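[1] A structural model of the following input is requested.
(2 chains)
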Number of protein chains: 2
Amino acid sequence: MQIVIALFDRFTALDAIGPHQVLHHLPDTEVIFASERVCDVTDESRTLTMRAQAGYADVPRPDIIVVPGGPGQADQMTGPLPDWLFEADKTSTWTTSVCTGSLILAGAGLLKDRNATTNWLAQEELRYLGATPRPGERYVFDGKYVTAAGVSAGIDMALALAGRLAGDAEAERIQLGIEYDPHPPYQSGSPATARPETVEYFTTRSRFAHRI
Amino acid sequence: MQIVIALFDRFTALDAIGPHQVLHHLPDTEVIFASERVCDVTDESRTLTMRAQAGYADVPRPDIIVVPGGPGQADQMTGPLPDWLFEADKTSTWTTSVCTGSLILAGAGLLKDRNATTNWLAQEELRYLGATPRPGERYVFDGKYVTAAGVSAGIDMALALAGRLAGDAEAERIQLGIEYDPHPPYQSGSPATARPETVEYFTTRSRFAHRI
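    Residues are numbered from 1 along each chain as shown, chains lettered A, B, ... in the order given. The predicted structure follows:
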């Protein structure tokens, strides 16, 4: 099984690494990081650089596609990534995204009228792009499309996907292997539980503020 | 503030990226990935490659040290990493680890008689190296030493550390920024909650089996 995780300038690292850390443990699975061409790709922090070992043209028919999000998403709404997605999606078994990666899927026309999610700040942007946002869901399955909420939600999504791919017992083994027994020291992980001033900090500064 | 995350062959990517994704958002903070020298470093999956932008000699006095774990930990118990740790720890504000990274700290003599944790399979190995294991804790603070349990626990640890460094409000903003509102689809993240056969799968195969 070939899993391709797309990388682009100013992606959010955990969006890509969360699913990677779960999915690379699946049996008979190869995870490939791909970008426009074989190159180094730098994340939003500007100090983390990962290698894309393949260009999109090298991986035309992945079984599973994972598209991360991040500040760089805005520059990926046209060009090689959505062009590749549109074609690769025709033969993929699962097409997935984390955080604002779903905006790239939607921009490529893949989420039309489908239930989907994204970063909590971008739900209306997702609607604008033709999907039906499901705010408050950690991840959403609609047919072969699986979209996760912001950043860390890719871990939960990937475990759910691992269960569909290899069965519950395998997914449970992977969860224990990465000791995913989360105990956040604060209760500030969603706009429903964070303090109002924390939520407002983002809603007033978000690049999606005009649609919130 | 300078934060150095060590990289070595066959590290576990989420051990390093979980803390990175939290800590790089702190104000006035630079996160640097370092290794024996400037080079590309490949994780346990063999398909994820990250760039170490600095050699250990380039970062002799980090404010915060983060040491990940992974299958490659066994090859890091002597050599440049523990040598650097021993010196850099003399001036660090916080010396931290994720998963079996604490075995490297302990091997460098930094956790003698200190409360600490590690991967659930390596608790007795940690005791053998002179620390006092605290199995079942998600992360352990003892003086300036902070050690996290397996893999994904680095996210929880980093949020707790962010609170100590920059206050609760900042840590809560970071948590909402990475939408860390975990909803694992299974309850298999610790040996206390996983099914017995899932636990046994690991205990019989672990490289630490001789000490469990």
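[2] list the buried residues in stretch A:164-181.
    A:165-166, A:170-181 (16 or more other Cβ atoms under 10 Å in any protein chain shown). Just so you know, the C-beta spots here come from the backbone N, C-alpha and C atoms, and that holds for glycine as well.
[3] what about the lengthiest helix in chain A, average pLDDT?
    Longest helix in chain A by number of residues (criterion: DSSP state H): helix A:153-166. The pLDDT scores in helix A:153-166 average 98.
[4] centre of the chain to that helix, how far?
    12 Å (Cα atoms, centre = their mean, to the nearest Å).
[5] how far away from the center of its chain is stretch A:17-28?
    Centroid separation between stretch A:17-28 and its chain, computed with Cα atoms, centre = their mean, is 14 Å.
[6] do stretch A:119-129 as well
    The answer for stretch A:119-129 is 14 Å, by Cα atoms, centre = their mean.
[7] start to end distance for that stretch?
    14 Å (Cα to Cα, to the nearest Å).
[8] may I see the buried residues of it?
    Using 16+ other Cβ under 10 Å as the test for burial, stretch A:119-129 gives A:119-123, A:125-127, A:129.
[9] from A:Pro184, how far out is the residue nearest the centre of chain A?
    Among the residues of chain A, the one closest to the centroid is A:Val98, at 1.7 Å (Cα atoms, centre = their mean). Distance of A:Val98 to A:Pro184, given as Cβ to Cβ, to the nearest Å: 18 Å.
[10] same question, A:Ser92
    Per Cβ to Cβ, A:Ser92 is found 33 Å from A:Pro184.
[11] over to A:Thr47?
    As judged by Cβ to Cβ, A:Thr47 and A:Pro184 stand 25 Å apart.
[12] what are the ranges of the strands in chain A?
    Ranges of strands in chain A, per DSSP state E, are A:2-6, A:30-35, A:39-42, A:49-52, A:54-55, A:64-67, A:94-98, A:115-116, A:132-133, A:139-142, A:145-148.
[13] which strands and helices sit next to the last one?
    Applying 3 or more Cβ pairs under 8 Å, 6 or more residues apart in numbering or on different chains; DSSP states H and E, one finds that strand A:145-148 contacts strand A:94-98, helix A:101-107, strand A:139-142, helix A:153-166.
[14] same thing with the second one?
    In this structure, strand A:30-35 packs against strand A:2-6, helix A:13-23, strand A:49-52, strand A:54-55, with contacts taken as 3+ Cβ pairs under 8 Å, 6+ apart.
[15] redo the ones you listed as TSV? Include distance to chain B and mean pLDDT.
    Below are the helices and strands packed on strand A:30-35 laid out as TSV (distance: least, Cβ to the nearest Cβ, whole Å; pLDDT from 0 to 100):
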stretch	distance to chain B	mean pLDDT
strand A:2-6	9	98
helix A:13-23	4	98
strand A:49-52	4	98
strand A:54-55	10	98
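[16] looking at those, which is closest to A:Asp63?
    Comparison of those against A:Asp63 by Cβ to Cβ identifies strand A:2-6 as nearest, at 5.2 Å.
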